[in-house]
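Colleague: For reference, the sequence and a predicted model appear below.
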Amino acid sequence: MSSWANYKDKVVRYFPFSQSEWKGFATTVLVFAVLFSFTNWGETAFDLQEGLKNLLIAIVIVGVSLFVHHAAQRLMGLWYGYRVEHRVWWIGLLVGLLAAMLSNGRVLIFAATALQAHFLPAHRLGRWRYGPSLREIGATAFMGPIASVVVAFLLYLIAPTFFADFLTFNLLFAAYNMLPIPPLDGLHVFVGSRAGYGGSFAYLFTFFSFLGFFLIYFLANFSFWWSILLGMIIGLLGWFVFFTVAERK
(Lines give C-alpha, C1' and ligand atoms only; values in the text may rest on other atoms or scores of the structure.)
Protein backbone atom coordinates (compact mmCIF):
# COMPACT_ATOMS: atom_id res chain seq x y z
CA MET A 1 0.00 0.00 0.00
CA SER A 2 1.00 3.64 -0.34
CA SER A 3 3.09 5.19 2.39
CA TRP A 4 1.37 7.49 4.86
CA ALA A 5 3.34 10.53 3.59
CA ASN A 6 2.25 9.87 0.01
CA TYR A 7 -1.36 9.34 1.06
CA LYS A 8 -1.37 12.52 3.14
CA ASP A 9 -0.02 14.46 0.15
CA LYS A 10 -2.79 13.07 -2.08
CA VAL A 11 -5.46 14.03 0.46
CA VAL A 12 -4.15 17.58 0.73
CA ARG A 13 -3.99 17.95 -3.07
CA TYR A 14 -7.04 16.13 -4.33
CA PHE A 15 -9.60 15.76 -1.52
CA PRO A 16 -11.12 19.30 -1.65
CA PHE A 17 -14.31 19.63 -3.67
CA SER A 18 -14.25 21.85 -6.74
CA GLN A 19 -16.60 24.81 -7.15
CA SER A 20 -18.78 22.92 -9.63
CA GLU A 21 -18.93 19.96 -7.24
CA TRP A 22 -20.06 22.21 -4.38
CA LYS A 23 -22.82 23.64 -6.61
CA GLY A 24 -23.96 20.15 -7.53
CA PHE A 25 -23.72 19.10 -3.90
CA ALA A 26 -25.89 22.02 -2.75
CA THR A 27 -28.49 21.34 -5.46
CA THR A 28 -28.69 17.64 -4.59
CA VAL A 29 -28.96 18.36 -0.86
CA LEU A 30 -31.79 20.84 -1.41
CA VAL A 31 -33.78 18.53 -3.70
CA PHE A 32 -33.28 15.49 -1.47
CA ALA A 33 -34.25 17.55 1.59
CA VAL A 34 -37.47 18.64 -0.12
CA LEU A 35 -38.24 15.01 -0.93
CA PHE A 36 -37.40 13.77 2.57
CA SER A 37 -39.63 16.41 4.20
CA PHE A 38 -42.32 16.20 1.51
CA THR A 39 -45.06 14.96 3.86
CA ASN A 40 -43.96 16.96 6.90
CA TRP A 41 -45.66 20.28 6.25
CA GLY A 42 -48.42 19.99 8.84
CA GLU A 43 -50.32 17.14 10.50
CA THR A 44 -53.84 17.83 9.23
CA ALA A 45 -53.42 21.08 7.29
CA PHE A 46 -50.62 22.98 5.61
CA ASP A 47 -48.35 24.64 8.19
CA LEU A 48 -45.61 26.84 6.71
CA GLN A 49 -43.68 27.25 9.95
CA GLU A 50 -43.71 23.51 10.71
CA GLY A 51 -42.78 22.71 7.13
CA LEU A 52 -39.82 25.09 7.05
CA LYS A 53 -38.55 23.67 10.35
CA ASN A 54 -38.73 20.12 9.00
CA LEU A 55 -37.11 21.22 5.74
CA LEU A 56 -34.20 22.76 7.65
CA ILE A 57 -33.77 19.55 9.66
CA ALA A 58 -33.87 17.55 6.42
CA ILE A 59 -31.19 19.80 4.89
CA VAL A 60 -28.88 19.08 7.83
CA ILE A 61 -29.58 15.33 7.65
CA VAL A 62 -29.08 15.12 3.90
CA GLY A 63 -26.07 17.44 3.88
CA VAL A 64 -24.17 15.46 6.51
CA SER A 65 -25.16 12.16 4.89
CA LEU A 66 -24.00 13.12 1.40
CA PHE A 67 -20.75 14.56 2.70
CA VAL A 68 -19.95 11.35 4.61
CA HIS A 69 -20.78 9.31 1.50
CA HIS A 70 -18.65 11.41 -0.84
CA ALA A 71 -15.78 11.91 1.61
CA ALA A 72 -15.45 8.16 2.20
CA GLN A 73 -15.27 7.52 -1.53
CA ARG A 74 -12.69 10.25 -2.07
CA LEU A 75 -10.49 8.96 0.75
CA MET A 76 -10.71 5.39 -0.52
CA GLY A 77 -10.05 6.48 -4.09
CA LEU A 78 -6.95 8.43 -3.07
CA TRP A 79 -5.68 5.38 -1.17
CA TYR A 80 -5.81 3.40 -4.40
CA GLY A 81 -4.42 6.27 -6.49
CA TYR A 82 -7.54 7.88 -7.99
CA ARG A 83 -8.90 11.40 -7.83
CA VAL A 84 -12.62 10.99 -7.32
CA GLU A 85 -15.02 13.48 -8.83
CA HIS A 86 -18.70 13.64 -7.93
CA ARG A 87 -21.34 14.81 -10.35
CA VAL A 88 -25.09 15.27 -10.26
CA TRP A 89 -27.24 12.77 -12.13
CA TRP A 90 -29.93 15.20 -13.25
CA ILE A 91 -32.21 12.47 -14.57
CA GLY A 92 -32.20 10.90 -11.10
CA LEU A 93 -33.17 14.21 -9.48
CA LEU A 94 -36.00 14.70 -11.98
CA VAL A 95 -37.29 11.15 -11.47
CA GLY A 96 -37.21 11.65 -7.70
CA LEU A 97 -39.22 14.87 -7.90
CA LEU A 98 -41.78 13.37 -10.28
CA ALA A 99 -42.18 10.23 -8.16
CA ALA A 100 -42.76 12.28 -5.01
CA MET A 101 -45.31 14.58 -6.65
CA LEU A 102 -47.22 11.82 -8.42
CA SER A 103 -47.34 9.63 -5.29
CA ASN A 104 -47.95 12.53 -2.89
CA GLY A 105 -44.73 11.72 -1.06
CA ARG A 106 -45.31 7.98 -0.68
CA VAL A 107 -42.51 7.09 -3.12
CA LEU A 108 -39.15 8.66 -2.33
CA ILE A 109 -36.21 8.07 -4.67
CA PHE A 110 -32.74 9.23 -3.64
CA ALA A 111 -30.56 8.32 -6.61
CA ALA A 112 -28.80 11.28 -8.19
CA THR A 113 -25.07 11.14 -7.48
CA ALA A 114 -22.43 9.90 -9.89
CA LEU A 115 -18.80 8.95 -9.21
CA GLN A 116 -16.00 9.38 -11.70
CA ALA A 117 -12.48 8.14 -10.86
CA HIS A 118 -9.47 9.80 -12.49
CA PHE A 119 -6.27 7.77 -12.57
CA LEU A 120 -3.22 9.27 -10.80
CA PRO A 121 -0.22 7.27 -12.16
CA ALA A 122 2.38 9.52 -10.51
CA HIS A 123 1.07 8.52 -7.09
CA ARG A 124 1.17 4.77 -7.59
CA LEU A 125 4.90 4.09 -7.27
CA GLY A 126 5.74 0.47 -6.59
CA ARG A 127 2.32 -0.75 -7.72
CA TRP A 128 0.77 -1.95 -10.94
CA ARG A 129 0.09 1.32 -12.70
CA TYR A 130 -0.69 0.64 -16.35
CA GLY A 131 -4.31 1.69 -16.07
CA PRO A 132 -7.40 1.86 -13.89
CA SER A 133 -8.54 -1.23 -12.00
CA LEU A 134 -12.23 -2.14 -12.08
CA ARG A 135 -11.88 -3.85 -8.72
CA GLU A 136 -10.37 -0.74 -7.09
CA ILE A 137 -12.97 1.59 -8.58
CA GLY A 138 -15.68 -0.79 -7.41
CA ALA A 139 -14.24 -0.82 -3.89
CA THR A 140 -14.07 2.98 -3.96
CA ALA A 141 -17.74 3.25 -4.95
CA PHE A 142 -18.72 0.63 -2.38
CA MET A 143 -17.16 2.67 0.44
CA GLY A 144 -19.82 5.39 0.01
CA PRO A 145 -22.92 3.31 0.89
CA ILE A 146 -20.98 1.43 3.56
CA ALA A 147 -19.83 4.65 5.27
CA SER A 148 -23.37 6.08 5.11
CA VAL A 149 -24.89 3.07 6.84
CA VAL A 150 -22.10 2.55 9.40
CA VAL A 151 -22.02 6.20 10.56
CA ALA A 152 -25.82 6.41 10.73
CA PHE A 153 -26.05 3.10 12.57
CA LEU A 154 -23.45 4.11 15.17
CA LEU A 155 -25.22 7.43 15.80
CA TYR A 156 -28.53 5.58 16.07
CA LEU A 157 -27.09 3.31 18.75
CA ILE A 158 -26.01 6.39 20.75
CA ALA A 159 -29.37 8.18 20.54
CA PRO A 160 -32.07 6.12 18.78
CA THR A 161 -34.84 8.71 18.95
CA PHE A 162 -32.70 11.68 17.90
CA PHE A 163 -31.01 9.91 14.96
CA ALA A 164 -33.95 7.81 13.72
CA ASP A 165 -34.58 10.00 10.67
CA PHE A 166 -30.84 10.20 9.98
CA LEU A 167 -30.65 6.41 9.90
CA THR A 168 -33.74 6.14 7.70
CA PHE A 169 -32.40 8.53 5.09
CA ASN A 170 -28.98 6.89 4.98
CA LEU A 171 -30.48 3.43 4.57
CA LEU A 172 -32.64 4.68 1.70
CA PHE A 173 -29.76 6.61 0.13
CA ALA A 174 -27.39 3.64 0.37
CA ALA A 175 -29.97 1.22 -1.00
CA TYR A 176 -30.76 3.36 -4.04
CA ASN A 177 -27.06 3.89 -4.74
CA MET A 178 -26.50 0.13 -4.77
CA LEU A 179 -28.82 -0.29 -7.76
CA PRO A 180 -26.78 -1.47 -10.80
CA ILE A 181 -27.90 1.50 -12.89
CA PRO A 182 -25.40 3.82 -14.56
CA PRO A 183 -24.03 6.09 -13.20
CA LEU A 184 -24.90 4.98 -9.64
CA ASP A 185 -22.41 3.34 -7.28
CA GLY A 186 -24.09 -0.03 -7.71
CA LEU A 187 -22.88 -0.45 -11.27
CA HIS A 188 -19.26 0.23 -10.27
CA VAL A 189 -19.58 -2.17 -7.33
CA PHE A 190 -21.12 -4.91 -9.45
CA VAL A 191 -18.54 -4.65 -12.24
CA GLY A 192 -15.71 -4.34 -9.73
CA SER A 193 -16.87 -7.33 -7.72
CA ARG A 194 -16.96 -9.45 -10.87
CA ALA A 195 -13.35 -8.47 -11.54
CA GLY A 196 -12.14 -9.09 -7.98
CA TYR A 197 -11.78 -12.03 -5.67
CA GLY A 198 -14.90 -13.94 -4.70
CA GLY A 199 -16.87 -13.08 -7.79
CA SER A 200 -19.93 -10.87 -7.19
CA PHE A 201 -20.57 -11.96 -3.58
CA ALA A 202 -19.97 -8.50 -2.07
CA TYR A 203 -22.44 -6.80 -4.39
CA LEU A 204 -25.14 -9.47 -4.40
CA PHE A 205 -25.05 -9.99 -0.64
CA THR A 206 -25.30 -6.25 0.03
CA PHE A 207 -28.00 -5.67 -2.57
CA PHE A 208 -30.27 -8.51 -1.43
CA SER A 209 -29.64 -7.64 2.24
CA PHE A 210 -30.81 -4.07 1.65
CA LEU A 211 -33.81 -5.31 -0.32
CA GLY A 212 -34.75 -7.82 2.39
CA PHE A 213 -34.35 -5.25 5.14
CA PHE A 214 -36.66 -2.74 3.48
CA LEU A 215 -39.34 -5.28 2.67
CA ILE A 216 -39.32 -6.60 6.23
CA TYR A 217 -38.88 -3.36 8.14
CA PHE A 218 -41.04 -0.94 6.14
CA LEU A 219 -43.68 -3.28 4.71
CA ALA A 220 -43.91 -6.12 7.22
CA ASN A 221 -43.26 -3.79 10.21
CA PHE A 222 -40.82 -6.12 11.95
CA SER A 223 -38.51 -4.74 14.65
CA PHE A 224 -35.33 -2.99 13.52
CA TRP A 225 -32.96 -5.70 14.79
CA TRP A 226 -35.00 -8.60 13.42
CA SER A 227 -35.17 -6.81 10.08
CA ILE A 228 -31.38 -6.52 9.97
CA LEU A 229 -30.90 -10.19 10.84
CA LEU A 230 -33.48 -11.44 8.35
CA GLY A 231 -32.15 -9.02 5.72
CA MET A 232 -28.68 -10.57 6.04
CA ILE A 233 -30.18 -14.05 5.73
CA ILE A 234 -32.02 -12.95 2.59
CA GLY A 235 -28.73 -11.51 1.31
CA LEU A 236 -27.02 -14.86 1.66
CA LEU A 237 -29.95 -16.71 0.07
CA GLY A 238 -30.15 -14.19 -2.77
CA TRP A 239 -26.45 -14.56 -3.53
CA PHE A 240 -26.70 -18.38 -3.38
CA VAL A 241 -29.72 -18.53 -5.71
CA PHE A 242 -28.20 -16.05 -8.17
CA PHE A 243 -24.87 -17.87 -8.13
CA THR A 244 -26.57 -21.25 -8.64
CA VAL A 245 -28.65 -20.03 -11.56
CA ALA A 246 -25.64 -18.31 -13.15
CA GLU A 247 -23.53 -21.44 -12.83
CA ARG A 248 -26.21 -23.56 -14.55
CA LYS A 249 -26.22 -21.18 -17.49
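Modeller: Yep, that arrived.
Colleague: can you tell me the average pLDDT over the lengthiest helix in the chain?
Modeller: For the chain, the longest helix by residue count, based on DSSP state H, is helix 48-80. Regarding helix 48-80, the rounded mean pLDDT is 93.
Colleague: quick one: it to chain centroid distance?
Modeller: From the chain centre to the centre of helix 48-80 is a distance of 11 Å (CA atoms, centre = their mean, to the nearest Å).
Colleague: And the next helix-or-strand element following that helix, what's buried?
Modeller: The C-terminal neighbour of helix 48-80 among helices and strands, as given by DSSP states H and E, is strand 82-88. Neighbour counts using 16 or more other CB atoms under 10 Å place 82, 83, 84, 85, 86, 88 of strand 82-88 among the buried residues. In this view, the C-beta of every residue, glycine as well, is placed from N, C-alpha and C.
Colleague: pLDDT value on the residue nearest to the fourth one when sequence neighbours are not counted, please?
Modeller: Here the nearest residue to residue 85 in space, its sequence neighbours aside, is residue 116; by CB to CB, 6 or more residues apart in numbering that works out to 4.6 Å. The predicted structure scores residue 116 at 88 on the pLDDT scale.
Colleague: what do you get for residue 205?
Modeller: As predicted, residue 205 sits at a pLDDT of 74.
Colleague: What helix or strand is the residue lying closest to it once chain neighbours are set aside located in?
Modeller: Nearest non-adjacent residue to residue 205, counting by CB to CB, 6+ apart: residue 235, 4.4 Å away. Residue 235 belongs to helix 224-248 when assigned by DSSP H and E.
Colleague: that older thread, and the residue nearest to residue 85, which of the three is it?
Modeller: Three-state call for residue 116 (DSSP: H, G, I helix; E, B strand; the rest coil): strand.
Colleague: and the gap between it and residue 192?
Modeller: 14 Å (CB to CB, to the nearest Å).
Colleague: quick one, which of these two is more surrounded?
Modeller: Set side by side, residue 116 and residue 192 show more neighbours around residue 192, with 22 against 14, by other CB atoms under 10 Å.
Colleague: so the more buried one touches residue 139, yeah?
Modeller: Yes. At 6.2 Å, residue 192 and residue 139 qualify as touching, with contact defined as CB atoms under 8 Å.
Colleague: which residues do the two both contact?
Modeller: Counting by CB atoms under 8 Å, 6 or more residues apart in numbering, residue 192 and residue 139 have no shared contacts at all.
Colleague: Residue 226: what's it in contact with?
Modeller: Contacts of residue 226 (CB under 8 Å, 6+ apart): residue 216.
Colleague: Buried residues in the longest helix of the chain, which are they?
Modeller: Neighbour-count burial for helix 48-80 [16+ other CB under 10 Å]: 51, 54-55, 57-59, 61-66, 68-80.
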